[in-house]
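Undergrad: all I have is the shape, not the residue letters:
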Ligand SMILES: Cc1cc2nc3c(=O)[nH]c(=O)nc-3n(C[C@H](O)[C@H](O)[C@H](O)COP(=O)(O)OP(=O)(O)OC[C@H]3O[C@@H](n4cnc5c(N)ncnc54)[C@H](O)[C@@H]3O)c2cc1C
(Lines give C-alpha, C1' and ligand atoms only; values in the text may rest on other atoms or scores of the structure.)
Protein backbone atom coordinates (compact mmCIF):
# COMPACT_ATOMS: atom_id res chain seq x y z
CA UNK A 1 0.00 0.00 0.00
CA UNK A 2 1.35 3.41 -0.79
CA UNK A 3 -1.13 6.13 0.20
CA UNK A 4 -1.42 9.68 -1.12
CA UNK A 5 1.56 11.09 0.81
CA UNK A 6 3.85 8.71 -1.04
CA UNK A 7 2.01 8.25 -4.34
CA UNK A 8 0.33 11.62 -4.86
CA UNK A 9 -2.66 9.73 -6.29
CA UNK A 10 -5.86 11.51 -5.32
CA UNK A 11 -7.90 8.31 -5.14
CA UNK A 12 -5.59 7.20 -2.31
CA UNK A 13 -6.59 10.03 0.04
CA UNK A 14 -9.95 9.92 1.85
CA UNK A 15 -9.41 13.39 3.33
CA UNK A 16 -9.72 12.01 6.88
CA UNK A 17 -6.96 14.32 8.17
CA UNK A 18 -5.32 11.77 10.49
CA UNK A 19 -1.90 12.71 9.04
CA UNK A 20 -2.26 16.42 9.78
CA UNK A 21 -3.40 15.74 13.34
CA UNK A 22 -0.58 13.34 14.18
CA UNK A 23 2.25 15.55 12.93
CA UNK A 24 4.13 16.86 15.96
CA UNK A 25 5.92 19.47 13.82
CA UNK A 26 2.71 20.87 12.28
CA UNK A 27 4.34 20.20 8.94
CA UNK A 28 1.15 19.04 7.22
CA UNK A 29 -1.78 21.23 6.29
CA UNK A 30 -4.94 20.40 4.36
CA UNK A 31 -5.33 22.36 1.15
CA UNK A 32 -8.20 22.45 -1.32
CA UNK A 33 -7.45 21.34 -4.86
CA UNK A 34 -9.13 22.88 -7.89
CA UNK A 35 -12.12 20.50 -7.51
CA UNK A 36 -12.69 21.75 -3.96
CA UNK A 37 -11.53 18.56 -2.16
CA UNK A 38 -8.94 18.84 0.62
CA UNK A 39 -5.60 17.02 0.53
CA UNK A 40 -2.56 17.05 2.83
CA UNK A 41 0.42 19.13 1.82
CA UNK A 42 3.79 18.67 3.55
CA UNK A 43 6.06 21.61 4.33
CA UNK A 44 9.45 20.08 3.63
CA UNK A 45 11.17 22.74 5.77
CA UNK A 46 9.32 21.52 8.86
CA UNK A 47 9.15 17.77 8.11
CA UNK A 48 11.61 15.57 10.04
CA UNK A 49 10.66 12.41 8.10
CA UNK A 50 9.51 10.51 11.19
CA UNK A 51 6.96 8.63 9.05
CA UNK A 52 4.10 8.93 11.56
CA UNK A 53 1.81 10.41 8.89
CA UNK A 54 2.09 7.17 6.93
CA UNK A 55 1.54 5.04 10.03
CA UNK A 56 -1.83 6.68 10.77
CA UNK A 57 -2.99 6.82 7.15
CA UNK A 58 -5.95 4.39 6.96
CA UNK A 59 -5.17 3.81 3.30
CA UNK A 60 -1.83 2.33 4.32
CA UNK A 61 -2.88 0.75 7.59
CA UNK A 62 -6.52 -0.18 7.48
CA UNK A 63 -7.88 -0.51 11.05
CA UNK A 64 -9.60 -3.71 12.16
CA UNK A 65 -12.99 -4.28 10.55
CA UNK A 66 -15.93 -6.51 11.47
CA UNK A 67 -17.91 -8.58 8.98
CA UNK A 68 -19.60 -11.28 11.05
CA UNK A 69 -22.28 -11.54 13.74
CA UNK A 70 -24.12 -8.34 12.99
CA UNK A 71 -27.20 -7.26 14.84
CA UNK A 72 -29.53 -5.33 12.53
CA UNK A 73 -32.39 -3.13 13.67
CA UNK A 74 -34.96 -1.13 11.74
CA UNK A 75 -37.29 1.43 13.23
CA UNK A 76 -37.86 4.96 14.43
CA UNK A 77 -37.67 6.99 17.62
CA UNK A 78 -40.87 7.14 19.64
CA UNK A 79 -40.10 10.79 20.26
CA UNK A 80 -41.79 12.78 17.47
CA UNK A 81 -39.64 15.88 17.95
CA UNK A 82 -36.43 13.87 17.58
CA UNK A 83 -37.76 12.19 14.47
CA UNK A 84 -38.80 15.48 12.94
CA UNK A 85 -35.38 17.06 13.61
CA UNK A 86 -33.45 14.05 12.29
CA UNK A 87 -32.66 12.82 8.82
CA UNK A 88 -34.35 9.43 8.92
CA UNK A 89 -35.85 7.84 12.04
CA UNK A 90 -33.76 9.59 14.70
CA UNK A 91 -31.64 6.56 15.55
CA UNK A 92 -28.49 8.64 16.05
CA UNK A 93 -30.13 10.55 18.92
CA UNK A 94 -31.35 7.34 20.55
CA UNK A 95 -27.87 5.78 20.35
CA UNK A 96 -26.51 8.93 21.99
CA UNK A 97 -29.15 8.67 24.74
CA UNK A 98 -28.29 5.02 25.32
CA UNK A 99 -24.53 5.57 25.58
CA UNK A 100 -24.15 9.00 27.12
CA UNK A 101 -25.35 9.00 30.71
CA UNK A 102 -22.53 10.57 32.69
CA UNK A 103 -19.10 12.09 31.99
CA UNK A 104 -19.45 11.87 28.21
CA UNK A 105 -18.29 13.74 25.13
CA UNK A 106 -20.07 13.58 21.76
CA UNK A 107 -18.33 14.34 18.47
CA UNK A 108 -20.25 15.03 15.28
CA UNK A 109 -20.55 17.19 12.18
CA UNK A 110 -21.89 20.72 12.58
CA UNK A 111 -22.65 23.32 9.89
CA UNK A 112 -22.37 27.10 9.73
CA UNK A 113 -23.68 28.39 6.43
CA UNK A 114 -22.08 26.15 3.84
CA UNK A 115 -19.08 25.11 5.93
CA UNK A 116 -19.22 21.77 7.71
CA UNK A 117 -16.80 20.87 10.47
CA UNK A 118 -16.38 18.39 13.32
CA UNK A 119 -16.98 19.59 16.83
CA UNK A 120 -17.81 18.15 20.24
CA UNK A 121 -20.46 18.78 22.87
CA UNK A 122 -20.57 17.87 26.54
CA UNK A 123 -24.33 18.22 26.94
CA UNK A 124 -26.94 16.21 25.02
CA UNK A 125 -29.17 19.30 25.01
CA UNK A 126 -26.94 20.64 22.22
CA UNK A 127 -27.33 17.54 20.06
CA UNK A 128 -29.50 19.33 17.48
CA UNK A 129 -26.39 20.84 15.91
CA UNK A 130 -25.19 17.36 14.89
CA UNK A 131 -28.56 16.16 13.67
CA UNK A 132 -29.35 16.23 9.93
CA UNK A 133 -27.05 14.99 7.21
CA UNK A 134 -24.83 17.65 5.75
CA UNK A 135 -23.84 16.45 2.31
CA UNK A 136 -20.34 17.86 2.29
CA UNK A 137 -17.10 16.45 3.71
CA UNK A 138 -16.64 17.90 7.17
CA UNK A 139 -13.35 19.47 8.27
CA UNK A 140 -11.93 17.36 11.09
CA UNK A 141 -9.78 20.07 12.74
CA UNK A 142 -8.29 18.70 15.96
CA UNK A 143 -11.12 16.27 16.68
CA UNK A 144 -9.01 13.07 16.81
CA UNK A 145 -6.50 14.78 19.07
CA UNK A 146 -9.26 16.03 21.36
CA UNK A 147 -10.92 12.59 21.44
CA UNK A 148 -7.62 11.05 22.55
CA UNK A 149 -7.23 13.58 25.36
CA UNK A 150 -10.77 12.85 26.62
CA UNK A 151 -10.24 9.07 26.44
CA UNK A 152 -6.99 9.39 28.37
CA UNK A 153 -8.92 11.35 31.02
CA UNK A 154 -11.27 8.36 31.37
CA UNK A 155 -14.28 10.04 29.74
CA UNK A 156 -16.82 8.23 27.57
CA UNK A 157 -16.42 9.37 23.97
CA UNK A 158 -19.03 8.88 21.25
CA UNK A 159 -17.47 9.76 17.90
CA UNK A 160 -19.69 9.97 14.82
CA UNK A 161 -18.75 10.59 11.19
CA UNK A 162 -18.43 9.00 7.79
CA UNK A 163 -16.76 5.56 7.55
CA UNK A 164 -13.44 7.03 6.35
CA UNK A 165 -13.43 9.51 9.24
CA UNK A 166 -13.97 6.66 11.71
CA UNK A 167 -11.11 4.78 10.01
CA UNK A 168 -8.91 7.89 10.40
CA UNK A 169 -9.83 8.13 14.08
CA UNK A 170 -9.12 4.44 14.74
CA UNK A 171 -5.77 4.67 12.93
CA UNK A 172 -4.90 7.79 14.92
CA UNK A 173 -5.87 6.14 18.23
CA UNK A 174 -3.87 2.98 17.54
CA UNK A 175 -2.01 3.20 20.89
CA UNK A 176 -4.85 4.65 22.97
CA UNK A 177 -7.11 2.66 25.27
CA UNK A 178 -10.48 2.58 23.51
CA UNK A 179 -12.58 0.90 26.20
CA UNK A 180 -14.71 4.04 26.57
CA UNK A 181 -14.96 4.84 22.87
CA UNK A 182 -18.11 4.19 20.85
CA UNK A 183 -17.82 4.83 17.12
CA UNK A 184 -20.94 5.55 15.06
CA UNK A 185 -20.76 5.93 11.29
CA UNK A 186 -23.31 7.03 8.74
CA UNK A 187 -23.66 4.72 5.76
CA UNK A 188 -22.14 6.88 3.04
CA UNK A 189 -22.36 7.07 -0.73
CA UNK A 190 -19.58 9.60 -1.07
CA UNK A 191 -19.13 13.33 -0.67
CA UNK A 192 -19.77 15.97 -3.37
CA UNK A 193 -17.52 18.83 -4.44
CA UNK A 194 -18.32 21.90 -2.32
CA UNK A 195 -17.82 24.13 -5.37
CA UNK A 196 -21.32 23.30 -6.61
CA UNK A 197 -22.98 24.69 -3.48
CA UNK A 198 -20.71 27.74 -3.54
CA UNK A 199 -22.02 28.46 -7.03
CA UNK A 200 -25.54 28.04 -5.66
CA UNK A 201 -24.76 30.64 -3.00
CA UNK A 202 -23.36 33.04 -5.63
CA UNK A 203 -26.60 32.61 -7.55
CA UNK A 204 -28.66 33.39 -4.44
CA UNK A 205 -26.53 36.40 -3.60
CA UNK A 206 -27.14 37.79 -7.05
CA UNK A 207 -30.86 37.09 -6.93
CA UNK A 208 -31.69 37.99 -3.30
CA UNK A 209 -28.75 40.16 -2.27
CA UNK A 210 -27.61 37.87 0.55
CA UNK A 211 -25.97 34.53 1.26
CA UNK A 212 -26.95 31.34 3.08
CA UNK A 213 -27.59 31.28 6.81
CA UNK A 214 -28.23 27.54 6.94
CA UNK A 215 -29.08 24.67 4.66
CA UNK A 216 -31.30 21.69 5.44
CA UNK A 217 -30.68 19.15 2.72
CA UNK A 218 -33.57 16.96 3.84
CA UNK A 219 -36.20 19.18 5.36
CA UNK A 220 -39.64 17.75 5.94
CA UNK A 221 -42.66 19.78 6.71
CA UNK A 222 -44.77 18.64 9.65
CA UNK A 223 -47.89 19.66 7.78
CA UNK A 224 -47.33 17.36 4.79
CA UNK A 225 -48.86 13.97 5.61
CA UNK A 226 -47.18 13.93 8.98
CA UNK A 227 -43.49 14.66 8.25
CA UNK A 228 -43.65 13.49 4.66
CA UNK A 229 -40.18 12.00 4.71
CA UNK A 230 -40.37 9.40 1.99
CA UNK A 231 -42.05 11.32 -0.81
CA UNK A 232 -42.13 14.96 0.18
CA UNK A 233 -38.62 15.87 1.29
CA UNK A 234 -37.31 19.25 0.22
CA UNK A 235 -34.02 21.10 0.47
CA UNK A 236 -34.64 24.19 2.58
CA UNK A 237 -32.30 27.13 2.22
CA UNK A 238 -32.50 29.71 4.96
CA UNK A 239 -31.10 33.00 3.66
CA UNK A 240 -29.39 35.62 5.82
CA UNK A 241 -32.38 37.93 5.26
CA UNK A 242 -34.61 35.19 6.77
CA UNK A 243 -36.17 34.22 3.45
CA UNK A 244 -36.76 30.46 3.13
CA UNK A 245 -36.43 28.70 -0.21
CA UNK A 246 -37.77 25.17 -0.57
CA UNK A 247 -36.91 22.91 -3.46
CA UNK A 248 -38.55 19.50 -3.94
CA UNK A 249 -36.00 16.70 -3.71
CA UNK A 250 -36.88 15.28 -7.13
CA UNK A 251 -36.67 18.64 -8.89
CA UNK A 252 -33.44 19.66 -7.21
CA UNK A 253 -30.39 19.78 -9.53
CA UNK A 254 -28.02 19.08 -6.62
CA UNK A 255 -29.42 15.58 -6.11
CA UNK A 256 -29.54 14.88 -9.84
CA UNK A 257 -25.88 15.77 -10.33
CA UNK A 258 -24.54 14.21 -7.16
CA UNK A 259 -26.52 10.98 -7.37
CA UNK A 260 -25.38 10.58 -10.96
CA UNK A 261 -21.86 10.46 -9.50
CA UNK A 262 -20.60 13.43 -11.46
CA UNK A 263 -18.96 15.32 -8.61
CA UNK A 264 -17.86 12.94 -5.85
CA UNK A 265 -14.41 12.88 -4.28
CA UNK A 266 -12.05 10.66 -6.33
CA UNK A 267 -11.49 8.23 -3.41
CA UNK A 268 -15.27 7.69 -3.11
CA UNK A 269 -15.29 5.93 -6.49
CA UNK A 270 -12.97 3.32 -4.97
CA UNK A 271 -14.18 3.51 -1.38
CA UNK A 272 -12.79 0.65 0.69
CA UNK A 273 -15.38 1.12 3.41
CA UNK A 274 -18.39 0.52 1.19
CA UNK A 275 -18.72 -3.14 2.09
CA UNK A 276 -20.21 -5.46 4.71
CA UNK A 277 -16.95 -5.20 6.64
CA UNK A 278 -17.30 -2.14 8.85
CA UNK A 279 -14.88 -0.40 11.18
CA UNK A 280 -17.34 1.46 13.40
CA UNK A 281 -19.25 -0.14 16.29
CA UNK A 282 -22.56 0.94 14.76
CA UNK A 283 -23.52 1.91 11.18
CA UNK A 284 -26.59 4.10 10.61
CA UNK A 285 -28.58 4.64 7.43
CA UNK A 286 -32.01 5.29 6.02
CA UNK A 287 -34.31 2.30 5.97
CA UNK A 288 -34.43 2.13 2.18
CA UNK A 289 -36.83 -0.50 0.85
CA UNK A 290 -39.03 -0.18 3.93
CA UNK A 291 -42.21 -0.51 1.84
CA UNK A 292 -40.83 -3.67 0.20
CA UNK A 293 -39.57 -5.80 3.06
CA UNK A 294 -40.78 -4.31 6.35
CA UNK A 295 -43.81 -2.07 5.58
CA UNK A 296 -44.89 -2.24 9.22
CA UNK A 297 -41.95 0.13 9.96
CA UNK A 298 -43.14 2.82 7.57
CA UNK A 299 -45.04 4.42 10.46
CA UNK A 300 -46.79 7.64 9.58
CA UNK A 301 -44.38 8.68 6.81
CA UNK A 302 -42.05 10.40 9.27
CA UNK A 303 -38.92 8.39 8.53
CA UNK A 304 -37.28 5.17 9.64
CA UNK A 305 -33.66 4.23 10.23
CA UNK A 306 -31.49 1.20 9.73
CA UNK A 307 -28.85 0.44 12.35
CA UNK A 308 -26.24 -2.28 12.09
CA UNK A 309 -24.22 -3.20 15.16
CA UNK A 310 -20.87 -4.52 14.00
CA UNK A 311 -19.30 -5.22 17.40
CA UNK A 312 -20.42 -6.56 20.76
CA UNK A 313 -20.16 -3.06 22.23
CA UNK A 314 -22.31 -1.70 19.41
CA UNK A 315 -24.89 -4.46 19.91
CA UNK A 316 -25.28 -3.74 23.62
CA UNK A 317 -25.83 -0.03 23.01
CA UNK A 318 -28.20 -0.64 20.13
CA UNK A 319 -30.29 -3.05 22.23
CA UNK A 320 -30.54 -0.33 24.85
CA UNK A 321 -31.34 2.38 22.27
CA UNK A 322 -34.16 0.38 20.71
CA UNK A 323 -36.11 0.51 23.96
CA UNK A 324 -36.99 4.11 23.01
CA UNK A 325 -37.87 3.16 19.46
CA UNK A 326 -40.59 1.43 17.52
CA UNK A 327 -39.04 -1.34 15.43
CA UNK A 328 -37.53 -4.81 15.39
CA UNK A 329 -34.60 -6.92 14.32
CA UNK A 330 -34.10 -7.31 10.58
CA UNK A 331 -32.36 -9.87 8.45
CA UNK A 332 -28.98 -8.48 7.39
CA UNK A 333 -29.09 -10.04 3.92
CA UNK A 334 -32.49 -8.46 3.29
CA UNK A 335 -31.36 -5.03 4.52
CA UNK A 336 -28.26 -5.26 2.34
CA UNK A 337 -30.35 -5.61 -0.80
CA UNK A 338 -31.48 -2.00 -0.39
CA UNK A 339 -28.24 -0.58 1.04
CA UNK A 340 -25.85 -0.28 -1.90
CA UNK A 341 -23.12 1.57 0.09
CA UNK A 342 -22.86 -1.46 2.40
CA UNK A 343 -22.13 -3.69 -0.57
CA UNK A 344 -19.87 -1.73 -2.88
CA UNK A 345 -18.67 1.73 -3.82
CA UNK A 346 -20.23 4.02 -6.42
CA UNK A 347 -18.99 3.95 -10.03
CA UNK A 348 -17.54 7.05 -11.57
CA UNK A 349 -19.77 8.64 -14.20
CA UNK A 350 -18.00 8.59 -17.57
CA UNK A 351 -18.74 12.33 -17.93
CA UNK A 352 -17.23 13.32 -14.57
CA UNK A 353 -14.13 14.94 -16.05
CA UNK A 354 -16.23 17.04 -18.45
CA UNK A 355 -18.60 18.02 -15.65
CA UNK A 356 -15.74 18.96 -13.36
CA UNK A 357 -14.21 21.12 -16.11
CA UNK A 358 -17.45 23.10 -16.21
CA UNK A 359 -17.69 23.28 -12.45
CA UNK A 360 -14.14 24.62 -12.18
CA UNK A 361 -14.74 27.15 -14.94
CA UNK A 362 -16.57 30.44 -14.63
CA UNK A 363 -19.81 28.75 -15.68
CA UNK A 364 -22.67 29.89 -13.46
CA UNK A 365 -25.00 27.73 -11.36
CA UNK A 366 -27.94 28.11 -13.75
CA UNK A 367 -25.77 27.32 -16.78
CA UNK A 368 -24.39 24.18 -15.16
CA UNK A 369 -27.84 22.96 -14.23
CA UNK A 370 -29.19 23.65 -17.71
CA UNK A 371 -26.39 21.66 -19.30
CA UNK A 372 -26.14 18.78 -16.84
CA UNK A 373 -29.60 18.04 -15.47
CA UNK A 374 -32.78 16.60 -16.89
CA UNK A 375 -36.35 17.00 -15.73
CA UNK A 376 -37.51 14.13 -13.54
CA UNK A 377 -38.53 11.08 -15.55
CA UNK A 378 -42.23 10.28 -15.83
CA UNK A 379 -41.60 7.09 -13.87
CA UNK A 380 -40.31 9.12 -10.96
CA UNK A 381 -43.24 11.50 -10.99
CA UNK A 382 -45.58 8.55 -11.23
CA UNK A 383 -43.91 7.08 -8.13
CA UNK A 384 -44.10 10.33 -6.25
CA UNK A 385 -47.68 11.33 -6.98
CA UNK A 386 -49.59 8.28 -8.20
CA UNK A 387 -48.12 5.01 -7.01
CA UNK A 388 -45.52 5.87 -4.39
CA UNK A 389 -44.58 4.47 -1.00
CA UNK A 390 -47.64 5.97 0.66
CA UNK A 391 -50.04 4.32 -1.73
CA UNK A 392 -48.22 0.98 -1.56
CA UNK A 393 -48.30 1.09 2.24
CA UNK A 394 -52.01 2.03 2.19
CA UNK A 395 -52.77 -1.04 0.03
CA UNK A 396 -50.63 -3.21 2.32
CA UNK A 397 -52.56 -1.94 5.36
CA UNK A 398 -55.88 -2.56 3.63
CA UNK A 399 -54.91 -6.14 2.75
CA UNK A 400 -53.75 -6.71 6.33
CA UNK A 401 -57.07 -5.38 7.61
CA UNK A 402 -59.07 -7.61 5.25
CA UNK A 403 -57.00 -10.68 6.19
CA UNK A 404 -57.72 -10.02 9.86
CA UNK A 405 -61.46 -9.86 9.16
CA UNK A 406 -61.46 -13.22 7.29
C1 LIG B 1 -22.40 12.43 3.49
C2 LIG B 1 -23.49 11.46 3.90
C3 LIG B 1 -23.89 10.47 2.99
C4 LIG B 1 -24.89 9.54 3.37
N5 LIG B 1 -25.28 8.59 2.46
C6 LIG B 1 -26.21 7.68 2.84
C7 LIG B 1 -26.61 6.65 1.93
O8 LIG B 1 -26.14 6.58 0.80
N9 LIG B 1 -27.53 5.72 2.36
C10 LIG B 1 -28.07 5.75 3.62
O11 LIG B 1 -28.89 4.90 3.95
N12 LIG B 1 -27.73 6.73 4.49
C13 LIG B 1 -26.81 7.68 4.13
N14 LIG B 1 -26.44 8.66 5.02
C15 LIG B 1 -26.97 8.58 6.42
C16 LIG B 1 -28.35 9.16 6.59
O17 LIG B 1 -28.48 10.37 5.88
C18 LIG B 1 -28.65 9.45 8.09
O19 LIG B 1 -27.56 10.13 8.66
C20 LIG B 1 -28.86 8.20 8.87
O21 LIG B 1 -29.99 7.55 8.35
C22 LIG B 1 -29.08 8.47 10.38
O23 LIG B 1 -30.33 9.01 10.53
P24 LIG B 1 -30.81 9.83 11.82
O25 LIG B 1 -32.28 10.07 11.66
O26 LIG B 1 -30.35 9.17 13.05
O27 LIG B 1 -30.07 11.16 11.47
P28 LIG B 1 -29.41 12.37 12.16
O29 LIG B 1 -29.68 12.56 13.58
O30 LIG B 1 -29.77 13.47 11.25
O31 LIG B 1 -27.86 11.96 11.97
C32 LIG B 1 -26.86 12.81 12.33
C33 LIG B 1 -25.54 12.09 12.21
O34 LIG B 1 -24.95 12.34 10.94
C35 LIG B 1 -23.62 12.83 11.14
N36 LIG B 1 -23.29 13.69 10.01
C37 LIG B 1 -24.08 14.63 9.44
N38 LIG B 1 -23.41 15.22 8.43
C39 LIG B 1 -22.19 14.66 8.38
C40 LIG B 1 -21.05 14.88 7.57
N41 LIG B 1 -21.03 15.78 6.58
N42 LIG B 1 -19.94 14.15 7.81
C43 LIG B 1 -19.92 13.23 8.80
N44 LIG B 1 -20.98 12.96 9.59
C45 LIG B 1 -22.10 13.67 9.38
C46 LIG B 1 -23.69 13.56 12.47
O47 LIG B 1 -22.42 13.71 13.05
C48 LIG B 1 -24.58 12.61 13.26
O49 LIG B 1 -23.81 11.51 13.69
C50 LIG B 1 -25.47 9.61 4.67
C51 LIG B 1 -25.07 10.62 5.55
C52 LIG B 1 -24.09 11.54 5.18
C53 LIG B 1 -23.68 12.61 6.17
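TA: That came in fine, so what should we check first? Keep in mind that this is a model prediction, so the values were computed, not measured.

Undergrad: C-alpha from now on. contacts and neighbour counts both.
TA: Fine.

Undergrad: which residue is the nearest non-sequential neighbour of residue 9?
TA: Sequence neighbours aside, residue 3 is the residue nearest to residue 9 in space, at 7.6 Å (criterion: C-alpha to C-alpha, 6 or more residues apart in numbering).

Undergrad: for residue 256, same thing?
TA: Residue 256 sits nearest to residue 373 (C-alpha to C-alpha, 6+ apart), 6.5 Å away.

Undergrad: ok so, going back, and the residue nearest to residue 9, how far from residue 115?
TA: Per C-alpha to C-alpha, to the nearest Å, residue 3 is found 27 Å from residue 115.

Undergrad: comparing the two, which shows the higher neighbour count?
TA: Using other C-alpha atoms under 10 Å as the criterion, residue 3 and residue 115 rank with residue 3 on top: 19 against 15.

Undergrad: residues contacting the more buried one?
TA: 9, 12, 13, 54, 57, 59, 60 (C-alpha atoms under 8 Å, 6 or more residues apart in numbering).

Undergrad: which residues of the protein lie near the ligand?
TA: Residues of the chain lying near the ligand by C-alpha under 6 Å from any ligand atom: 86-93, 108-109, 130-138, 160-162, 186-191, 284-286, 305, 341.

Undergrad: ranges for the strands of the stretch 201-350 of the chain?
TA: Applying DSSP state E, counting those that start in this stretch to the stretch 201-350 of the chain gives strands spanning 212-219, 234-239, 244-248, 282-286, 305-309, 325-329.

Undergrad: again but with the stretch 51-200 of the chain, I slipped
TA: Using DSSP E, counting those that start in this stretch, strands in the stretch 51-200 of the chain cover 71-77, 104-112, 115-121, 156-161, 181-186.

Undergrad: out of those, which is the most enclosed?
TA: Greatest average neighbour count among the strands of the stretch 51-200 of the chain goes to strand 71-77 (a mean of 26), per mean count of other C-alpha atoms under 10 Å.

Undergrad: next, the angle from that strand to strand 305-309.
TA: 150 degrees (axes from the mean of the first three to the mean of the last three C-alpha atoms, to 10 degrees).

Undergrad: state the distance from residue 363 to residue 369.
TA: 10 Å.

Undergrad: more neighbours: which of the two?
TA: Comparing residue 363 with residue 369 by other C-alpha under 10 Å, the one with more neighbours is residue 369, at 15 against 12.

Undergrad: ok, and the more buried one, which helix or strand is that part of?
TA: The secondary structure element spanning residue 369 is helix 365-372 (assigned by DSSP states H and E).

Undergrad: what element comes up after that helix heading to the C-terminus?
TA: helix 378-381.

Undergrad: need the next SSE after that next one, C-terminal direction.
TA: Counting by DSSP H and E, what follows helix 378-381 is helix 389-405.

Undergrad: listing request: residues of the stretch 1-150 of the chain with sub-threshold pLDDT.
TA: Regions of the stretch 1-150 of the chain meeting the criterion pLDDT under 70 cover residues 1.

Undergrad: at 50 what do you get?
TA: Residue ranges of the stretch 1-150 of the chain with pLDDT under 50: none are present.
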